[in-house]
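1. Need coordinates for the below:
(one chain, ligands or ions: 1)
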Amino acid sequence: MLINILGSAAGGGFPQWNCNCRNCRSLRDGTFKGRPRTQTQVAICQDNRTWFLLNASPDLRTQIEATPVLHPRNHGRNSPIGGVLLTSGDIDQVAGLLSLRELQPFPIYCTPSIRRILQEDNSMFAMLNRVPGQVSWTDISCDGRFCLQGERGVGIDCRVFSLGSRFPAYVSPDRSLALKQGDALLGVIASSSSGRRMAYMPAVPDADDSLLEQLEETDLLLFDGTFWSDDELIRMQGSGSTAGEMGHIPVSGADGSLRKLAGLRRPRKVFVHINNTNPMLDESGPEYAQVRAAGWEVAEDGWSLDL
Ligand SMILES: [Zn+2]
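-> Numbering: from 1, shown residues only. I've put the predicted structure just below:
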């Protein structure tokens, strides 16, 4: 299975348009040791033909153009993109669907609650169903298995499980209560034809023992690297939410992912969805050194992995 990391930043990207934090400022003035990043986006492929998008970032159009294997291959309108799997309804994970509205047929795999939010509550997404045979919506259980169906019966087996019960802030409290809570946020484990497994989870509120058990069965882990510390945004801005309140386990600290996942021996461990404020983006800093010494990698746009 081929895995292309098209984008690796959290919402807002790096640098973020309205941010002048140390990272963003030094990246703009050319003194930063590290790379700019677009918002997190991953594409996977089993058969060298059909690619599946894991979520649809707001940067999707430029990410596709920067990735030749995702370009059309035949005359006229066509695409090797064979479907989109949504792990949540966050704007950073679904806004890119609006960049795929040019009458291309493809399936969207998501939980029934996410489908209802997009289809019933947000009328712009009706542009995905402007003509018959355009986008097909495929409901998946928040705790089950399904196959991303490629050409000629070659698919990618996936298992998903619920990671959280909080719907995006744009979903009203009344609507949230009417939805199935477990549908809000998924983790995905995709299996290659050789039996190797990749876990994709750009948003993880907490890592309990049952999650750790599942991750020890994987060979590649693309994991939430949004914030270095729980109070990162508060210290940066003087107010705001903690990482925990935003549904992200921080990287550092007693309850952080470096420590909680330290016992995982099998998977290659890669942080994705890294916020522009996260000091581990700075490759000259102690946080980056600490992450690398702990065996983790910090994903960059354009990485191509083979599983
Ligand atoms: Zn910044």
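2. Show me what counts as buried in stretch 4-22.
-> By 16 or more other C-beta atoms under 10 Å, the buried positions in stretch 4-22 come out as 4-16, 19, 21. All C-beta atoms are positioned from the backbone trio N, CA, C, and that covers glycine.
3. Now for Ser99, how many residues are close by?
-> 16 (other C-beta atoms under 10 Å).
4. I'd say it and Leu60 touch.
-> Yes - taking contacts as C-beta atoms under 8 Å, Ser99 lies within contact range of Leu60: 4.9 Å.
5. Mean confidence (pLDDT) on stretch 161-178, please.
-> If you average the pLDDT over stretch 161-178, you get 96.
6. Show me how far stretch 252-268 is from its chain's centre.
-> 19 Å (C-alpha atoms, centre = their mean, to the nearest Å).
7. next one: stretch 67-76
-> Here stretch 67-76 shows a centroid-to-chain-centroid distance of 23 Å under the convention C-alpha atoms, centre = their mean.
8. try stretch 199-215
-> From the chain centre to the centre of stretch 199-215 is a distance of 14 Å (C-alpha atoms, centre = their mean).
9. Kindly check the end-to-end length of it for me.
-> Distance between the two ends of stretch 199-215: 7 Å, counting by C-alpha to C-alpha, to the nearest Å.
10. okay, now the residue in the stretch 201-307 of the chain positioned nearest to the ion: neighbour count?
-> Nearest residue of the stretch 201-307 of the chain to the ion, counting by C-beta to the ion: Asn276, 3.7 Å away. For Asn276, the neighbour count with other C-beta under 10 Å is 21.
11. what's the answer for the one 10 residues further on, then?
-> The tally of other residues near Pro286 (other C-beta under 10 Å) stands at 10.
12. Local confidence estimate at it?
-> Pro286 is assigned a pLDDT of 98 by the prediction.
13. What's the separation between it and Val84?
-> Applying C-beta to C-beta, to the nearest Å, the value for Pro286 to Val84 is 38 Å.
14. go on, Leu261?
-> Applying C-beta to C-beta, the value for Leu261 to Val84 is 28 Å.
15. ditto for Cys19
-> Going from Cys19 to Val84 by C-beta to C-beta gives 28 Å.
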